[in-house]
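**Student:** structure here, sequence nowhere to be found:
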């Protein structure tokens with residue numbers, strides 16, 4: 001008997017040693033996450049006081065243990081440790097850059113030392129792709145791997161992670177159910193227990209480890225779930241390509257202006273392209289001959305390959321229009337990177353349709369090449385090479401200084417809250433601007449942006465002047481005028497959402513003097529352009545103050561016109577108020593918006 005070549009894959013995937021390794025990894029991860037989150041509690045302690053240490057530690061202990069959990073039982077310890085070491089270096093480096101780039105918190109009092117949401121999202125996707133490529137290369141001991149191997153590993157990992165996430169969710173659902181049952185008999189210890197972080201972290205990581213282990217030792221479970229999901233998804237491709245065909249065919253006969261006016265055309269087109277790619281691969285799967293039996297699916301895959309080209313081209317066109325109008329922003333740079341990846345799929349799939357129309361065999365090369373392109377894009381965008389915040393600041397400041405956008409239209413707040421440390425540095429330079437016709441305005445607005453503690457505080461529309469309000473408010477009865485000090489005192493409210501529209505926009509408001517009872521001073525009923533009303537009364541010292549809100553839909557059945565014409569009557573409330581101790585409870589009718597019964 002000839003000697004069999006040694007295999008890189010362990011013989012006993014479900015051995016006790018593998019389970020012990022996974023449990024130990026889960027315990028270490030739980031301890032690390034507990035200590036890191038405990039340091040982030042007020043008052044902060046190290047390493048939360050040092051974001052360049054805290055962020056990389058947090059992302060490393062969030063992701064690397066998961067890679068180990070998935071790798072145990074698939075490859076031997078030494079190559080797995082080498083892959084984990086490389087991943088730690090890359091993830092930690094990206095975490096350090098994320099911390100050093102800095103950012104301003106969107107709201108007052110919000111903490112800004114946590115990893116950015118974009119980094120979490122990028123690491124989740126890129127580590128999944130990288131893990132599949134690396135594990136397959138380790139198993140087959142070569143860089144170029146057969147596509148069926150990649151397909152099998154990718155879907156196995158995806159289904160494992162999906163089932164593990166569902167298991168953890170149900171696990172916590174059972175714990176909360178048990179806590180609720182104990183509360184029924186006034187036992188609250190279990191509720192307090194599951195709320196403790198020292199319990200939650202190990203419970204979650206151990207549940208995740210067990211779920212991955214169970215799905216790993218039962219490959220039939222994975223293949224069955226994968227087969228069912230892909231079969232279901234594959235039959236959605238003919239429907240989607242038919243819808244997209246109708247959309248694309250109609251474009252030459254209609255104006256594209258409505259599409260550009262949506263302001264989300266790029267995102268919608270890219271999502272459509274993403275679904276086409278997903279469903280095409282659900283049909284193609286690993287390229288086995290049994291996948292070619294359905295002519296409908298084969299035609300849908302062929303048509304979808306050609307539809308990707310105009311979808312991606314339209315998305316690039318829409319993005320180019322927005323960039324031409326308003327310049328580059330962080331979101332638009334990310335959108336451009338997604339368009340680049342989508343273009344790789346579109347060009348590759350179209351080439352596959354031309355070279356191998358029978359069953360798109362060259363899709364396999366496109367998928368592998370695009371995976372490496374996507375990984376490269378992530379490394380470039382989340383490193384100092386092409387940080388979107390830095391590129392945004394360079395472009396926007398150049399637009400401001402060149403006069404392409406006037407200072408009163410420039411979003412200075414975006415430099416602070418989206419531009420990271422480069423945006424703050426740019427604002428500090430602009431605050432010292434002394435040359436140019438608009439230098440004083442630019443410096444004043446830059447200083448105002450630097451002082452902002454809330455992303456949206458500087459975007460509240462300015463309060464209308466007394467002269468502007470006089471033009472926007474119709475006063476009744478005819479000939480009456482509002483007191484001179486009315487607009488200065490009555491609507492000085494801290495939140496612009498509470499102000500009437502005519503104070504922050506161009507919509508007309510209505511004011512009417514009414515008497516609420518014999519011998520009482522006149523009050524003012526004030527109605528804005530929405531279904532909101534205010535009641536103002538004059539106190540003994542003279543000033544007018546808001547004393548109540550008016551409830552009702554003033555747009556129903558000509559109510560506004562009737563108020564203008566003076567068709568107003570005062571009636572006592574149908575029901576009395578209920579007084580419980582010192583609390584007054586109002587009884588309101590169950591009527592619809594315009595007074596009709598529900």
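**Tutor:** Perfect, I can see it now. Keep in mind it's a predicted model, so treat the numbers as computed, not measured.

**Student:** ok, residue 509 to residue 536 distance?
**Tutor:** Separation of residue 509 from residue 536 (CB to CB, to the nearest Å) stands at 12 Å. (Each C-beta comes from the backbone N, C-alpha and C, glycine too.)

**Student:** just the buried positions in stretch 260-278, please.
**Tutor:** Using 16 or more other CB atoms under 10 Å as the test for burial, stretch 260-278 gives 260, 265, 266, 267, 269, 270, 272, 273, 275, 276, 277.

**Student:** kindly report the same for stretch 306-324.
**Tutor:** Under 16+ other CB under 10 Å, the buried positions of stretch 306-324 are 306-312, 314-319, 322-323.

**Student:** equivalent analysis for stretch 421-439, please.
**Tutor:** Under the neighbour-count criterion of 16+ other CB under 10 Å, stretch 421-439 has 421, 422, 423, 424, 426, 427, 430, 431, 433, 438 buried.

**Student:** likewise for stretch 236-246?
**Tutor:** Buried residues in stretch 236-246 (16+ other CB under 10 Å): 237, 238, 240, 241, 244.

**Student:** also stretch 48-66?
**Tutor:** By neighbour count with 16+ other CB under 10 Å, stretch 48-66 contains the buried residues 48, 51, 53-66.

**Student:** just the mean pLDDT for stretch 328-336, thanks.
**Tutor:** If you average the pLDDT over stretch 328-336, you get 95.

**Student:** check stretch 564-575 too.
**Tutor:** Stretch 564-575 comes out at a mean pLDDT of 78.

**Student:** now the end-to-end length of it.
**Tutor:** Length of stretch 564-575, first residue to last, CA to CA, to the nearest Å: 28 Å.

**Student:** ok, stretch 551-562 next?
**Tutor:** 16 Å.

**Student:** so where do the strands sit in the protein?
**Tutor:** With strands called from DSSP state E, the chain shows them at 473-476, 509-515, 522-527, 533-538, 544-550, 578-580, 583-585.

**Student:** report all helices and strands that the second one contacts.
**Tutor:** On a contact count with 3 or more CB pairs under 8 Å, 6 or more residues apart in numbering; DSSP states H and E, strand 509-515 meets strand 473-476, strand 522-527, helix 559-565.

**Student:** repeat the analysis, applying 6 Å as the threshold.
**Tutor:** For strand 509-515, the elements it packs on are strand 473-476, strand 522-527, judged by 3 or more CB pairs under 6 Å, 6 or more residues apart in numbering; DSSP states H and E.

**Student:** which other residues reach that strand?
**Tutor:** 473-476, 480, 500, 502, 522-528, 563 (CB atoms under 6 Å, 6 or more residues apart in numbering).

**Student:** likewise the first one?
**Tutor:** Outside of strand 473-476, the residues that reach it under the criterion CB under 6 Å, 6+ apart are 482, 509, 510, 511, 512, 564.

**Student:** let's see it at 7 Å
**Tutor:** 481, 482, 502, 508, 509, 510, 511, 512, 564 (CB atoms under 7 Å, 6 or more residues apart in numbering).

**Student:** ok so, going back, from the contacts of strand 509-515, list the buried ones, please.
**Tutor:** The neighbour-count criterion (16+ other CB under 10 Å) marks 473, 475, 476, 500, 502, 523, 524, 525, 526, 527, 528, 563 among the contacts of strand 509-515 as buried.

**Student:** ok, the closest residue to residue 311 other than its chain neighbours - contacts?
**Tutor:** Excluding the flanking residues, the one nearest residue 311 by CB to CB, 6 or more residues apart in numbering is residue 273, at 4.6 Å. If you count contacts by CB under 7 Å, 6+ apart, residue 273 has them with 308, 311, 312, 342.

**Student:** redo these as a markdown table? Include distance to residue 150 and pLDDT.
**Tutor:** Below are the contacts of residue 273 laid out as a markdown table (distance: CB to CB, whole Å; pLDDT from 0 to 100):
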| residue | distance to residue 150 | pLDDT |
| --- | --- | --- |
| 308 | 21 | 96 |
| 311 | 25 | 96 |
| 312 | 24 | 97 |
| 342 | 20 | 97 |
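
**Student:** re the thing from before, now do the shared contacts for residue 509 and residue 536.
**Tutor:** The contact lists of residue 509 and residue 536 share residue 526, where a contact means CB under 7 Å, 6+ apart.

**Student:** what sits against residue 305?
**Tutor:** Contacts for residue 305 were tallied using CB under 7 Å, 6+ apart; they are 349, 350, 352, 353, 360.

**Student:** 10 Å - rerun?
**Tutor:** Residue 305 sits next to 241, 276-277, 280, 345-346, 348-354, 357, 360, 363, 366 when contact means CB atoms under 10 Å, 6 or more residues apart in numbering.

**Student:** same question for residue 216.
**Tutor:** Residues near residue 216 by CB under 10 Å, 6+ apart: 13-14, 18-19, 22, 69-70, 72-74, 156, 160, 222.
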